[in-house]
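*Asks:* Sequence and predicted model, in that order:
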Amino acid sequence: MPYTIICHDKSNHLDVRKKSRDDHLKYLETFKKKIILAGPLLNKKGLPTGSVIILDLDSETDVKKFIKNDPYKLAGLFKKTEVLKFKKVF
């Protein structure tokens, strides 16, 4: 089932995002066949303030494991993470 993960960065943590970005992208690469889309949320200045990932995993337990092992999460980047079921129409 597809799930949407919405992550909101902590304030003043752009440096943490930049330092962890390469590891985060390598991590996403290991889920390449499961990811429907992934990218940053941007503020009015075009700077990242969070992330959205939609991926097709078997259970919410798998989604929580995915989030737990994400290098951004391990680096302490996120202040809030939401998980929502997703239905792809187009």
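*Replies:* Nice, thanks for sending it over.
*Asks:* how near is the residue nearest to Leu37 when sequence neighbours are not counted to His13?
*Replies:* Once flanking residues are discounted, Leu37 sits nearest to Ile54: 5.1 Å by C-beta to C-beta, 6 or more residues apart in numbering. Bear in mind the C-beta positions are built from the backbone N, C-alpha and C, glycine included. Computed with C-beta to C-beta, to the nearest Å, the distance linking Ile54 and His13 is 23 Å.
*Asks:* try Lys19
*Replies:* 10 Å.
*Asks:* List the residues that contact Leu55.
*Replies:* Applying C-beta atoms under 8 Å, 6 or more residues apart in numbering to Leu55 gives the contacts Pro2, Tyr3, Ile5, Phe31, Lys34, Ile35, Ile36, Ala38, Val63, Phe66.
*Asks:* oh, I was asking about Cys7
*Replies:* Residues in contact with Cys7, defined by C-beta under 8 Å, 6+ apart, are Gly50, Ser51, Val52, Ile53, Ile67, Tyr72, Lys73, Leu77, Phe78, Lys80, Thr81, Glu82.
*Asks:* Tell me which entries of those residues lie within helices.
*Replies:* Those of these mapping onto helices are Ile67, Tyr72, Lys73, per DSSP state H.
*Asks:* sorry, back to before: ok, and the most crowded of the contacts of Cys7?
*Replies:* The most crowded member of the contacts of Cys7, judged by other C-beta atoms under 10 Å, is Leu77 (25 neighbours).
*Asks:* after the lengthiest helix in the chain, next one along is what?
*Replies:* Longest helix in the chain, counting residues (DSSP H): helix 14-29. Sequence order places strand 35-42 as the next helix or strand after helix 14-29, per DSSP states H and E.
*Asks:* Export only the CA atoms of that next one, formatted as CSV.
*Replies:* Extracted in CSV, the C-alpha atoms of strand 35-42 (Å, rounded to 0.1, in the frame of the first residue of the first chain):
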residue,chain,number,x,y,z
ILE,A,35,9.4,5.2,-4.1
ILE,A,36,6.6,6.8,-6.1
LEU,A,37,8.0,10.3,-5.5
ALA,A,38,10.3,12.1,-3.1
GLY,A,39,11.5,15.7,-2.6
PRO,A,40,11.8,18.6,-0.3
LEU,A,41,9.2,21.0,0.9
LEU,A,42,10.3,24.6,0.1
